[in-house]
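Chemist: Just the structure for this:
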Amino acid sequence: MIAVRRFAFNWVAAAALLCVLSSQSLQSRALAQERPAAQQQAQQPAHQGGEEQKEAPKETPIPPEKSSVTHHELMLNGKSLKYTATAGTLLIRDEDDKPYGSIFYVAYTLDGAEPTTRPVSFLYNGGPGSATLWLHMGSFSPVRIQTDSPNATAGPPFKLVPNQYSLLDKTDMVFIDAPLTGYSRAVGKAQAKDFAGVDQDLKAFDRFIARYISVNQRWNSPKFLIGESYGTTRSAGLSDLLGSDGIQLNGIVLISSILNYAIRSPGYDTIYISNLPSYAAAAWYFNKVQNKTPDVAAWVQQAREFAAGPYAAALYQGHNLPAAQLDSVAREMSRLTGLSVDYIKEANLRVSPTRFRKEVLRGDRKTLGRYDMRFEGEDIDAAGENPSYDPSDTGISGAFVAAIHDYLERELKYESNDTYRPSAGDIGQWDWKHRPAGAGPGFGGQQLQPYVAGDLGAAIRKNPHLKVFSANGYFDLATPFFATEYDLDHMDLEPELRGNVQFGYYPSGHMIYLNVDALHQLKDDLAAFIDKATK
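Modeler: Residues are numbered from 1 along each chain as shown. Take a look at the predicted model:
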């Protein structure tokens, strides 16, 4: 559903939240890491004559661009849609015009459509270091995997079904596997470090999109970006970068966003304020609150107002908070989140996501998922402080990984001697520094952690026709919706441009499409969004 948000921030809360935007001191970490993602390749030292030398990096042969083309049909809303699926690779080139990456993609194009008026959307997951099997097999492609969400999905054989919520009736779709994932590889003299970083990743995607629209003569097609999790970080960064290259976008869809990686800077309370409405949503879902509202949106709105007002004001005072105010805030926080007053006070009003996931259902000997708090897990005992695993990850991973392998080989007839990599491994050396393409004063210069809402705001100011749709799951604790609202509301847009940004909220988690009813709502919302952005 699409919701209009009406609430005002307390000035003290705003001051507390704004402090984090200037911080550049956070140690490198990923807040919204979707799947374990890729370790940088390292050069191995060799010893000759008592001196340490480094071997020259091995050059990988340049593979040819190749593709497998198959033809299919999908019945959607009573209409037969004939389409072509192209699974293949395209080479991207570096500043010296030499190939340095072979990028794997799967494109779905409607047969007989006019390319100059037919929209084309580029879709990708995040991680960083995740292949795009999650969006590809779960969201808007012509097929989707059935799961038992929010319960753990039963074992194989898994069922891939025609997707009645596909976006094929509105747009062609190109699902892109990030460098080092899927069948995407570094080639030539390139190494993992040439892709394993915020700006390195942006350059690779910028070059792939330019290559795709050139090869397929789609320069004049309406264009959209659809990214999930770190994919939203990528989309916001690409919004201005693509524009600088003359590739004008019609719209951007942000699914489960992370736009400011400095949100966990030590000494700031932003993360606790941002998480509280999501805690309230989970407590509502599991009936851990009294006098709950009939719908989650109304309950969450109470939590928003409390978090932005009395709660933020209390945290701002630190250890100088008066005892009476501490008691009052703890009681209201308990009412909204289902946690006990004593537990909240013992945590100094600051309950981390892992603690919440362990504590709120402790009496039931259950834990909650991180990506989707509707999923329940069981630990070996109920006495620990943190959950031992994420049931919203383990409960669906096997189905998605099996589905992408079987589908590419059996249905799309794509053959490769390489191994399809759901993730790139463990990117321990991901370069988190970011230099905005042209965000302007206050957002420019080198950032130690990416803050890409500034890039997006700059892109909207330069292209006032650019539309943005932010899709948020109420039960997502990896990328909480309240943080997204804050970031998008602080792009400093003039009144005439603020309507370019639209929000949607769904009774699901990080992967909104795991709730089929939510997927239905999301499909309808995005269909209307694409229509509006192409008029």
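Chemist: Where in this structure is the helix or strand with the lowest mean pLDDT?
Modeler: Ranked by mean pLDDT, DSSP states H and E, the weakest helix or strand in the chain is strand 45-48, scoring a mean of 34.
Chemist: where are the low-confidence patches of the protein?
Modeler: Flagging of the chain using pLDDT under 70 yields the residue ranges 1-57, 426-428, 438-444.
Chemist: centroid residue for it?
Modeler: Taking Cα atoms, centre = their mean, the centroid of the chain lies closest to S229, which sits 0.9 Å from it.
Chemist: how about that one, what does it touch?
Modeler: 32, 34, 125-127, 130, 255-258, 478-479, 510 (Cβ atoms under 8 Å, 6 or more residues apart in numbering). Any C-beta I mention is one placed from the backbone N, CA and C, and that applies to glycine too.
Chemist: Buried residues in the lengthiest strand in the chain, which are they?
Modeler: Taking DSSP state E as the criterion, the chain has its longest strand at strand 79-93. With burial defined by 16 or more other Cβ atoms under 10 Å, the residues of strand 79-93 counted as buried are 81, 83, 85-92.
Chemist: Can I get the residues you listed in JSON lines including distance to A281?
Modeler: Listed next are those as JSON lines, based on distance: Cβ to Cβ, whole Å:
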{"residue": "L81", "distance to A281": "36"}
{"residue": "Y83", "distance to A281": "37"}
{"residue": "A85", "distance to A281": "37"}
{"residue": "T86", "distance to A281": "40"}
{"residue": "A87", "distance to A281": "38"}
{"residue": "G88", "distance to A281": "41"}
{"residue": "T89", "distance to A281": "41"}
{"residue": "L90", "distance to A281": "41"}
{"residue": "L91", "distance to A281": "45"}
{"residue": "I92", "distance to A281": "41"}
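Chemist: What count of nearby residues applies to the closest residue to the residue nearest to the centre of the chain other than its chain neighbours?
Modeler: Excluding the flanking residues, the one nearest S229 by Cβ to Cβ, 6 or more residues apart in numbering is G126, at 3.9 Å. Neighbour count of G126, defined by other Cβ atoms under 10 Å: 31.
Chemist: sorry, back to before: now the contacts of S229 as a markdown table including distance to A303 and secondary structure?
Modeler: Listed next are the contacts of S229 as a markdown table, based on distance: Cβ to Cβ, whole Å; DSSP: H, G, I helix; E, B strand; the rest coil:
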| residue | distance to A303 | secondary structure |
| --- | --- | --- |
| A32 | 21 | coil |
| E34 | 25 | coil |
| N125 | 29 | coil |
| G126 | 26 | coil |
| G127 | 29 | coil |
| S130 | 30 | strand |
| I255 | 22 | strand |
| S256 | 19 | strand |
| S257 | 19 | strand |
| I258 | 20 | coil |
| A478 | 18 | coil |
| T479 | 17 | coil |
| H510 | 19 | coil |
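Chemist: which among the residues you listed end up buried?
Modeler: Using 16+ other Cβ under 10 Å, the buried ones in those are 32, 34, 125-127, 130, 255-258, 478-479, 510.
Chemist: Quick check: the farthest pair among these?
Modeler: Farthest apart among those by Cβ to Cβ are S130 and S257. That separation is 15.4 Å.
Chemist: that older thread, I'd say the residue nearest to S229 and G237 touch.
Modeler: No. Shown here, G126 and G237 do not form a contact pair, counting by Cβ atoms under 8 Å, at 11.7 Å.
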